[in-house]
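**Student:** Pasted the sequence and its predicted model underneath.
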Amino acid sequence: MEGGLSRTEALDLLRQHLKADTLIKHSIATEAIMRRLAERLGEDVELWGLVGLLHDLDFESTKDTPERHTLLTADILSQMNIDERVIRGIKGHNAEHIGFERATPLEIGLTCAETVTGMIVATALVRPDKRIEGMKPKSVKKKMKTKDFARAVSRERIAEHAKLGLELDEFLDLSIGAMQEVSDELGL
């Protein structure tokens, strides 16, 4: 129960605030990648997973006001006495819109992890079987080079993996592997 919530409590909270199935799946995918990143970097797996799971808690309420995104989540979690590291980590992925400086590995990790989910899902959806199973980093890298493919996915945010000391191939391999572990939940 690192961070102040169990995973079950966090999922319940997520489902209270998010109705869109795609956002819940995105949160689960992000959680999986964050847990894998934490393992790789020798960080707190439970804490990083919680940050990944709750990072878009307020998205449906703030999607039209990006300058509020993550701040509503911060208020909700503060009232619940959730660990400040969770709150800061979540704020980090929207740093550009809220005047926050992304600095810690947790904040950087969330930024590249939650962004790469979109590229991996988009790559899976153009495969004949529409599955993540068997996907390789080179397939995702190839799609990343095509600027019209998944155009809304920021390649610059994904590139923040380098600030964690990871090469792109390793980051993609880690991310694909993490999402494969939860592929049934993701429907991929």
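**Tutor:** That came through, no problem. What you are looking at is a predicted structure, and each value in this text was computed from that prediction instead of being measured.
**Student:** Now the lowest-mean-pLDDT helix or strand in the chain: buried residues?
**Tutor:** Every helix and strand of the chain was ranked by mean pLDDT, DSSP states H and E. The lowest is helix 95-98, at a mean of 92. Using 16 or more other C-beta atoms under 10 Å as the test for burial, helix 95-98 gives residue 95. Quick note: C-beta positions are derived from backbone N, CA and C, even for glycine.
**Student:** Check the secondary structure at the residue lying farthest from the centre of the chain for me.
**Tutor:** No residue in the chain sits farther from the centre than residue 128, which is 25.4 Å out by C-alpha atoms, centre = their mean. Three-state assignment for residue 128 (DSSP: H, G, I helix; E, B strand; the rest coil): coil.
**Student:** what stretches of the chain score poorly on pLDDT?
**Tutor:** Applying pLDDT under 70 to the chain picks out residues 1-2.
**Student:** So which residues of this structure form helices?
**Tutor:** In the chain, the helices defined using DSSP state H lie at 7-17, 21-41, 45-54, 59-62, 71-79, 84-92, 95-98, 105-125, 137-144, 155-158, 168-181, 183-186.
**Student:** Identify the residue nearest the geometric centre of this structure.
**Tutor:** Closest-to-mean residue, the chain, C-alpha atoms, centre = their mean: residue 114 / 2.5 Å.
**Student:** Pretty sure that one sits against residue 90.
**Tutor:** No - using C-beta atoms under 8 Å, residue 114 is not in contact with residue 90, being 10.0 Å away.
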